[in-house]
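1. output the structure for:
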Amino acid sequence: MPMTWVTSRPRLLVAALTSVNLASNIEENWQDYSAPPLNNTPLDALPSEYLRPHKEALNQIIESCAFSGHQSEKYTTTEVISYPVKEHTGTAFVNPTLALLSTTQSSHEHTNREHTQTPSTYLPTPIFGNISSSIATHIPQTQDISPFEKPFSKSEIDPSISSSPNITEPSTMFGRDIFKDPIDTRPPPSMFEVREDHPVSRLGIKSQMPLQTNKFYANFFLGDQRGPTYTFPYSIAWAAGKGVSGSWGMSCSHIEAKQRVFGKEKLHGASAYFINPVGIESMVISAKELGKNSTLTIDSMTAFSARVHLSKDQEIPPAISFPLVQGMPYITAEFSETIPVIQSGVFFKTVTRVSKNPKKNMAKFNFNLEDGSTWRVYAWRTKGEDLDMQVVNNGTAEAKNPFTGVLQICKDPLTPGSEEILDDGAGIYPRTLTLSGSSSGNKGTYKFEYQKDGHDTGSLYMFALPHHIESFHDDTRKRIQSTKLQSTTKGIATLVKGTQWTMVEPQMPVEMDFAPWHPEKGSIKTLSEDAKSLIKAAAASELGQNMIAQSNLDSMYFSGKALAKFALILYVINDMLEDQALVKKGLGQLKAAFGAFAANKQKFPLVYEKAWGGVVSSATYATGDTGVDFGNTLYNDHHFHYGYHILAGAIIAHIDPEWLPQNKEYVDILVRDVANPSSKDHHFPMWRSFDWYHGHSWAHGLYAAMDGKNQESSSEDMMHAYALKMWGKVTKNAHLEARGNLQLSILSRSLRHYYLYQANNKVQPPQFIGNKVAGILFENKVDHTTFFSPDIECIQGIHMIPILAPTPFIRGQDFVREEWNMFFSDGRIDEIRNAWKGIIYASYATVDPKKAWEFFSSKEFDPHWIDGGASLTWFLAFSAALGGI
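-> Down below sits the predicted model:
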């Protein structure tokens, strides 16, 4: 029976709009998928607020979604049970004909079959009219089973699927765990006002303290709780009755590279952005009990995992619970005496039940969707009856009875051996992971140890990203599998077998201190007398600036930049010029400027708020503006803001160790807020900013966002890790220093793949790497722009500031040279007439320090070419040291 496809423009257009909305990464007022009433409205007639600036991308999506006269594939059946088709009006689905197919074909039939690919950015539309669907059951041809019986094999577990014990790494690799000890466990000192409230409510959060604010699952407790969570390579979202499927369950999606949407080419030939579609409900895990009164709650939140629960209403225990861990290969749902429902907004082409259980007490189903994708569904019962499902229509399959156990879905890439691997891992899933690590000389090691649950047969598998694969210890590398899936913004994700991963960073910058640093020469303090003379003149002039006026601002970010700037000037005077008289001239003023913050007497003092658990600016409490100071009160950019303060404190303590005891507690509070390593510290969450799975930080705090978390400045991420390292060094906290070294090394690796693109980059799309830098990296898109300017010097420069000792460690010479040649060579740098010019020249000093020195030492040098967070003193010293001047 043919299917009739009708485009539902309201849902389609709004899904498209939310997918390509690049005007802002913060979706504060998401559109309801079922509104506004735009049915049959031409694209050009839509209000401008719906179109934004991306009409071309919208047309691309809509064209790829327009289906007409589509016929469902016809199947040969041996036995067919027909049910009367009920006509419905409106958006209700009809009850289809249910067909049961007996076949001799193996459940692995698709492994080596070529598949027709569907158009990119496939966004399916609801179906109206008469439809047909089929459910096929793989059973031996000789087995005579009535279509009314449950077609289940009585045989034992397939002996070809081996049972593997937990695989562990050699214990000799690890010394003392550098993640074990907290910075401190005392409450914040009394100078911080304690508040019980926060501008963002704890939506759906069961009582727990402290709470993560910048992690991958935050959309589940922000906004309307419907924003996607990107687990890599999947994304999941609460359908909440508003998606194409109309489900109240958990929607699951996986996007292929061919579905990406690219922005227009810029003048240099690279696409302005690439983005992955959102709102595609490939598979939805739900329960019959869920409905319009359903609620979503979340608990067990860690830096690496969380548990999300869907309940019939707020008074009823969860119908389904979803353990979430980054890199999970299955979307896992725990049921307890509830009726599972599998739905799809892409719609079923065939649904097949495999007759032979892959494991004891485990049923398996194959769902082939209309977009050509294949999804495996595994149901392991822990008590009661096996899961038995019936197709209700081509968008819904429902269990016949309540089910207790674990139901999992996963997308099969249909590569050789992929189905066997997915069968082996079925029923096994991670609860969370434990992070540990060690440091020995320049070698750093860190380990993920997954706490698994589930079936006792088979192995745990997890998806690794490119920077993991590259740094795996040999024992972990041996367990890399051939099964892979595309991720949204981090290249290809690869399955790895086992409960432990060990990553090694063999070249940590242990010897690096505050001085300019060279990859081969190390830290350099020696300067010629001529260079010293010029640098001293610049330093004397810059010390004449009013440090207190420049730093006591209404912004923790700009205040921190000013403090760090003056601290670096004093470092150059103290350690490179060795002029103690000049040091004394400026050190007292810097101590006074820093002291305003250490006493919490700045314009907007910090407060310790107990609702989430952190130290935040009081600016939003005072003004009501949630965006003031870049959203600090809502936990945006804390590692940037506080990183500058930590770095300034480290330099002051280096110059004057006697200053440290009176100021250590204040700086430690900032460290604890952004980089608490231990659950023993009950006042701050662990690792608020740095994401140990992704290998870099997320700057995005308590704002709902359809494209997930984001970070703009990769170089300020570097700065924060460097500040932690140096604060550990001056406070003699060896573990903190080691963690900072390790973070810098991981950043050097991950940024090379995901943020800073040489011509040989194989991770990001070739259409995009010509931009040389990400711009803004989201979990779901990469946009070559900034939040504040579209100018090329700003886009490239935000990944340069601040220029510090680790800059050459992060931004390799080949990369810097390629970037310079792409955007700034042949006199183009001279067209820039603002502070970014100085930043770009300072970055280029890592390649051509003499050229940079000539620029900064020129008599025609304009002070307007220096950023407010930088100094001529430091740029001269940096260039001279690297150039041997």
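
2. could you use CA atoms for every contact and neighbour count after this?
-> Fine.

3. surely Q758 meets W820?
-> No. Judged on Cα atoms under 8 Å, Q758 makes no contact with W820 at a distance of 11.7 Å.

4. what's the domain layout of the protein?
-> Under the assignment automatic domain parsing, the domains of the chain span 1-154+220-426, 517-883.

5. tell me where the stretch 651-800 of the chain has strands.
-> Ranges of strands within the stretch 651-800 of the chain are 690-691, 696-697, 710-711, 776-778, 781-783, based on DSSP state E, counting those that start in this stretch.

6. now those strands in a markdown table, with mean neighbour count, distance to T332 and mean pLDDT?
-> As requested, the strands of the stretch 651-800 of the chain are exported to a markdown table (neighbours: other Cα atoms under 10 Å; distance: least, Cα to Cα, whole Å; pLDDT from 0 to 100):
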| stretch | mean neighbour count | distance to T332 | mean pLDDT |
| --- | --- | --- | --- |
| strand 690-691 | 20 | 22 | 99 |
| strand 696-697 | 28 | 26 | 99 |
| strand 710-711 | 21 | 26 | 98 |
| strand 776-778 | 24 | 25 | 99 |
| strand 781-783 | 26 | 25 | 99 |
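
7. give the other helices and strands that the lengthiest helix in the chain contacts.
-> If each helix of the chain is counted by residues according to DSSP state H, the longest one is helix 734-754. On a contact count with 3 or more Cα pairs under 8 Å, 6 or more residues apart in numbering; DSSP states H and E, helix 734-754 meets strand 443-454, helix 466-471, strand 500-505, strand 696-697, helix 714-730, helix 807-810.

8. export the domains of the chain to TSV and tack on distance to Q500?
-> Formatted as TSV, those follow (distance: least, Cα to Cα, whole Å):
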stretch	distance to Q500
domain 1-154+220-426	13
domain 517-883	13
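
9. those: which one's closest to M191?
-> Nearest of those to M191, taken as Cα to Cα: domain 517-883 at 6.4 Å.

10. now do the same end-to-end measure for the closest one.
-> One end of domain 517-883 to the other measures 11 Å (Cα to Cα, to the nearest Å).

11. then stretch 460-470?
-> Using Cα to Cα, the two ends of stretch 460-470 sit 21 Å apart.

12. off-centre distance for that stretch?
-> 15 Å (Cα atoms, centre = their mean, to the nearest Å).

13. try stretch 391-407
-> Mean-position distance between stretch 391-407 and its chain equals 32 Å (Cα atoms, centre = their mean).

14. mind checking the pLDDT average for it?
-> Mean pLDDT, stretch 391-407: 97.

15. just give the nearest non-adjacent residue to I840, would you?
-> Leaving aside its chain neighbours, I840 sits nearest to G797 (6.4 Å; criterion: Cα to Cα, 6 or more residues apart in numbering).

16. double-check that neighbour against N834; I have them as touching.
-> No. Counting by Cα under 8 Å, G797 stays clear of N834, with 11.7 Å between them.

17. which one of these two is surrounded by more residues?
-> Taking other Cα atoms under 10 Å, G797 and N834 do not tie; G797 has more neighbours (23 against 15).

18. how close does the more buried one get to V308?
-> 39 Å.

19. spit out the contact partners of the residue nearest to the spatial centre of the chain.
-> By Cα atoms, centre = their mean, the mean C-alpha position of the chain lies nearest to E779, the distance being 4.5 Å. With contact taken as Cα atoms under 8 Å, 6 or more residues apart in numbering, E779 is in contact with 230, 488-489, 707-710.

20. ok, now with 6 Å
-> If a contact means Cα atoms under 6 Å, 6 or more residues apart in numbering, then E779 has 708-709 as its contacts.

21. burial check on S440, number of neighbours?
-> 15.

22. roughly how far apart are it and D181?
-> 18 Å.

23. now do E529
-> E529 is 46 Å from D181, where distance means Cα to Cα.

24. again, but for R376
-> In terms of Cα to Cα, R376 sits 42 Å off from D181.

25. these two: which is more packed in?
-> Neighbour count, other Cα under 10 Å: between R376 and D181, R376 has more, with 21 against 16.

26. surely A805 touches D513?
-> No. When contacts are counted by Cα atoms under 6 Å, A805 is not listed as touching D513 (7.3 Å).

27. of these two, who's got more company?
-> Applying other Cα under 10 Å to A805 and D513 shows that A805 carries more neighbours, namely 21 against 17.

28. what sits up against the longest helix of the chain?
-> 178, 444, 467, 508, 695-696, 721, 724-725, 728-729, 810.

29. tell me the angle it makes with strand 500-505.
-> 90 degrees (axes from the mean of the first three to the mean of the last three Cα atoms, to 10 degrees).

30. tilt between helix 734-754 and strand 443-454?
-> Angle, helix 734-754 to strand 443-454, by the same axes, to 10 degrees: 80 degrees.

31. quick one: the strands in the stretch 101-250 of the chain, in order.
-> Ranges of strands in the stretch 101-250 of the chain, per DSSP E, counting those that start in this stretch, are 132-138, 193-195, 229-230, 235-238, 250-253.

32. tabulate the contacts of helix 734-754 in JSON lines, adding columns for distance to G560.
-> Below are these laid out as JSON lines (distance: Cα to Cα, whole Å):
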{"residue": "I178", "distance to G560": "28"}
{"residue": "G444", "distance to G560": "30"}
{"residue": "H467", "distance to G560": "31"}
{"residue": "M508", "distance to G560": "26"}
{"residue": "G695", "distance to G560": "25"}
{"residue": "H696", "distance to G560": "21"}
{"residue": "A721", "distance to G560": "15"}
{"residue": "L724", "distance to G560": "15"}
{"residue": "K725", "distance to G560": "17"}
{"residue": "G728", "distance to G560": "19"}
{"residue": "K729", "distance to G560": "20"}
{"residue": "I810", "distance to G560": "22"}
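
33. need the max-distance pair from the residues you listed.
-> Going by Cα to Cα, the pair spanning the contacts of helix 734-754 furthest: H467 and K729, at 27.3 Å.

34. which of the two has more neighbours?
-> H467 (23 against 19).

35. measure that one to S713 for me?
-> H467 is 19 Å from S713, by Cα to Cα.

36. likewise A759?
-> Noted for A759: a distance of 21 Å to S713, by Cα to Cα.

37. low-confidence stretches in this structure?
-> 1-175 (pLDDT under 70).

38. how about the CA coordinates for stretch 802-818, as PDB?
-> Once non-C-alpha atoms are left out, stretch 802-818 reads as follows in PDB (Å, rounded to 0.1, in the frame of the first residue of the first chain):
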ATOM      1  CA  PRO A 802      47.100  36.400  25.700                       C
ATOM      2  CA  ILE A 803      50.600  35.900  24.400                       C
ATOM      3  CA  LEU A 804      52.400  33.900  27.100                       C
ATOM      4  CA  ALA A 805      55.200  31.500  27.700                       C
ATOM      5  CA  PRO A 806      53.100  28.500  26.500                       C
ATOM      6  CA  THR A 807      52.000  30.200  23.300                       C
ATOM      7  CA  PRO A 808      54.700  28.400  21.100                       C
ATOM      8  CA  PHE A 809      53.800  25.200  22.900                       C
ATOM      9  CA  ILE A 810      50.200  25.400  21.800                       C
ATOM     10  CA  ARG A 811      50.500  27.300  18.500                       C
ATOM     11  CA  GLY A 812      53.200  25.500  16.600                       C
ATOM     12  CA  GLN A 813      55.400  27.300  14.100                       C
ATOM     13  CA  ASP A 814      54.000  25.600  11.000                       C
ATOM     14  CA  PHE A 815      50.500  26.600  12.100                       C
ATOM     15  CA  VAL A 816      51.400  30.200  12.800                       C
ATOM     16  CA  ARG A 817      53.200  30.500   9.500                       C
ATOM     17  CA  GLU A 818      50.200  29.100   7.600                       C
END
